[in-house]
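# mind looking at a prediction? Sequence and model below.
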Amino acid sequence: MIAAGITLDQALKAADKLKADHGVNIRILDPFTIKPIDKEAIIANAKECGGRIISVEDHYPEGGIGEAVLDAISENRDLILRKMCVREVPRSGPPMVLLEKYGIGTDCIVQQVLNFKDL
């Protein structure tokens, strides 16, 4: 899992939930920067985790973490990326409610991991 900012907090909460409720462990990376992104660390960690990567970001998919990760892994055919991001026009509301509404909150992350691990 690769996340930053508020989605890093959601990923950490999801990791705790996955461990407690499902016995599933995940590894979380905070990229610190998108440019430059630590390509070597992303690839090495992904390979150690079965080749599966989930990026989580609190904005549209263009120009964010998911695209940077996709570029970093593009020449590795055994790595798979699922991008979690905002895919519709956001609205106002309580932050935690909005994170779930737009598919990037703790419960959404948990579900994505559970669906992804069964590949």
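Nice, I can see it. Note that the structure is a prediction, hence the values are computed from the model and not measured. Numbering: from 1, shown residues only.
# let's verify the residue most central in space within the chain: helix, strand, or coil?
Residue closest to the mean C-alpha point of the chain, counted by CA atoms, centre = their mean, is residue 55 at 2.6 Å. Three-state assignment for residue 55 (DSSP: H, G, I helix; E, B strand; the rest coil): strand.
# that one contacts residue 83, correct?
Yes - assessed by CB atoms under 8 Å, residue 55 is found in contact with residue 83 at 5.1 Å. (C-beta placed from N, C-alpha, C; glycine too.)
# got the contact list for residue 30?
2, 3, 4, 8 (CB atoms under 8 Å, 6 or more residues apart in numbering).
# with residue 99 instead?
Counted by CB under 8 Å, 6+ apart, residue 99 has contacts 6, 7, 10, 58, 105, 106, 108.
# save those residues as JSON lines, and put in pLDDT and secondary structure too.
Converted to JSON lines, those look like this (pLDDT from 0 to 100; DSSP: H, G, I helix; E, B strand; the rest coil):
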{"residue": "6", "pLDDT": "93", "secondary structure": "helix"}
{"residue": "7", "pLDDT": "95", "secondary structure": "helix"}
{"residue": "10", "pLDDT": "97", "secondary structure": "helix"}
{"residue": "58", "pLDDT": "93", "secondary structure": "coil"}
{"residue": "105", "pLDDT": "97", "secondary structure": "coil"}
{"residue": "106", "pLDDT": "97", "secondary structure": "helix"}
{"residue": "108", "pLDDT": "97", "secondary structure": "helix"}
